[in-house]
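Asks: generate coordinates for the sequence data below:
(one chain, ligands or ions: 2)
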Amino acid sequence: MSSKQSIDSTAKLGSSTPDCNHAPKVVAIEQVEERNHGSFSEKQRSMEERRNNSGRQSTLFGLCHRSGNKRSRDPSPQKSVHQKMASCLRLPSRSKPMWENISLPKGPMLLLRGCVGGWDWSERRSTREELASLPDWKCDVKFKIYGKACQMRRRICQYSSGGNVSYTYSGVKNMNAPEFPQILHDIKCRVENLICDCISEITKDGTDSLKNLSFPAEFIERVKSMNSDNSEKNLYNYCLCNHYRSGEEYMGYHSDDEGCLDPHTPIASVSFGITRNFDIRARKKMSDVGRPRLARVALGDGDLLLMFPPMQDNYEHSIPVQKKAVGERINLTFRRITTK
Ligand SMILES: O=C(O)CCC(=O)C(=O)O
Ligand SMILES: [Fe+2]
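Replies: Ligands and ions are numbered 1, 2, ... in the order given. Prediction:
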């Protein structure tokens, strides 16, 4: 089967409800594959803007703060009165967030476009620059893949909510990751609140077809028991950050299936910067014959991807090399580590 055929057949798997305002819809997976060739030109920026505005959310980035917050994110003067009010009152801005259902048969996934890290590309650029200047990035990290020693080209760093949280990743044990800096804490709160809003949307009475998806019941219950205000939800206690400084930097196929990860909580992946492809294929145990790419999702600036269990048990994902993609990308994967 050619990869195009397999992508088309993947695209038919999700459900689509055109009459629902914010119904999940199947991503045209291949549609933006080549979108990011070249740096962010003005044209590209306005295209990205149009794309992002369709999924605007009600809460501004950074509304959830712990006490003593050093980071202030006042709306910039050019924001409309409506936007400013929405940020203060947490009213819906232009439209409700549009969660897209990109689930594979054995891997539920949801995608929300352009809703994290700021209102527009310039705010998100500042967010990305601030992330890029965090002091803990490491280059040339050595790791093992299928027992073979390799060296990473991309930069990585990890943060945690403090305490006794450690995580082994590609054979690299990370003890005592430093505590979330304010910017990561703000993004984490934003992601957690978006997830809570999404789950309450899924579970409330109505015809929302997201209800038909099988998400872990334990996670749904945990989220439902949380306050619906903007307070910190503590769904996540660990974040792995990846900095791809060019299209040549990549991440090979892998599954995030470490035993220390909470078995019910989705991995929440946030992207900033240029759009890069996110490829998915079956895990070895699912297929004896060749393993073609099953899906390709273009992850862009401010996008949030939720990978629900059992996705990691059944599939692998990767960020392939895209030689023609010019510009950098930062990806944050928020995880819940269970301390044993
Ligand atoms: O950069 C990405 O979108 C993927 C990151 C990822 O898969 C990981 O950190 O495990
Ligand atoms: Fe991963």
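
Asks: list the contacts of Arg124.
Replies: Neighbour list for Arg124: 117-118, 272, 301-302 [criterion: C-beta atoms under 8 Å, 6 or more residues apart in numbering]. C-beta coordinates here come from the backbone N, C-alpha and C atoms, glycine included.

Asks: and of the residues you listed, the nearest to Ser231?
Replies: Ser231 lies nearest to Gly117 out of these, by C-beta to C-beta, at 20.3 Å.

Asks: just give the closest residue to the closest residue to ligand 1 within the stretch 201-340 of the chain, not the sequence neighbours.
Replies: At 3.3 Å from ligand 1, Asn331 is the closest residue in the stretch 201-340 of the chain, using C-beta to the nearest ligand atom. In space, and not counting its chain neighbours, Asn331 is closest to Asn242: 4.6 Å by C-beta to C-beta, 6 or more residues apart in numbering.

Asks: how about Ala149?
Replies: Leaving aside its chain neighbours, Ala149 sits nearest to Lys142 (6.3 Å; criterion: C-beta to C-beta, 6+ apart).

Asks: how near is that neighbour to ligand 1?
Replies: Lys142 is 17 Å from ligand 1, where distance means C-beta to the nearest ligand atom, to the nearest Å.

Asks: who's in contact with that residue?
Replies: Lys142 touches 149-152, 172, counting by C-beta under 8 Å, 6+ apart.

Asks: so it bridges to which residues?
Replies: In this structure, Lys142 bridges to Gln151 when assessed by DSSP bridges.

Asks: tell me which residues of the helix or strand hosting Thr127 are tucked away?
Replies: Element membership for Thr127, per DSSP states H and E: helix 121-132. For helix 121-132, the neighbour count (16 or more other C-beta atoms under 10 Å) marks 121, 123-125, 127-128, 130-132 as buried.

Asks: circling back to that earlier point, what kind of secondary structure is the residue of the stretch 201-340 of the chain closest to ligand 1 in?
Replies: Classification of Asn331 by DSSP: H, G, I helix; E, B strand; the rest coil places it in strand.

Asks: for Trp119, same thing?
Replies: Applying three-state DSSP: Trp119 is coil.

Asks: can you report how many residues lie near it?
Replies: Neighbour count of Trp119, defined by other C-beta atoms under 10 Å: 25.

Asks: quick check: it vs ligand 1, distance?
Replies: Using C-beta to the nearest ligand atom, Trp119 is found at 22 Å from ligand 1.

Asks: ok, so what distance separates that residue from Leu184?
Replies: Distance of Trp119 to Leu184, given as C-beta to C-beta, to the nearest Å: 19 Å.

Asks: and the buried residues of helix 121-132 as TSV, adding pLDDT and distance to ligand 1?
Replies: Output for these, formatted as TSV (pLDDT from 0 to 100; distance: C-beta to the nearest ligand atom, whole Å):
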residue	pLDDT	distance to ligand 1
Trp121	90	19
Glu123	95	21
Arg124	96	16
Arg125	96	18
Thr127	97	16
Arg128	98	13
Glu130	98	18
Leu131	98	13
Ala132	98	14
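
Asks: tell me the one of the residues you listed nearest Ile337?
Replies: Using C-beta to C-beta, Leu131 comes nearest to Ile337 of the buried residues of helix 121-132, at 20.8 Å.

Asks: quick one: contacts for the closest one?
Replies: Contacts were defined as C-beta under 8 Å, 6+ apart; by that measure Leu131 touches 183-184, 241, 243, 272, 330, 332.

Asks: using a markdown table, lay out those together with pLDDT and neighbour count.
Replies: Formatted as a markdown table, those follow (pLDDT from 0 to 100; neighbours: other C-beta atoms under 10 Å):
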| residue | pLDDT | neighbour count |
| --- | --- | --- |
| Ile183 | 97 | 20 |
| Leu184 | 97 | 22 |
| Cys241 | 96 | 21 |
| His243 | 97 | 22 |
| Phe272 | 98 | 28 |
| Ile330 | 98 | 25 |
| Leu332 | 98 | 22 |
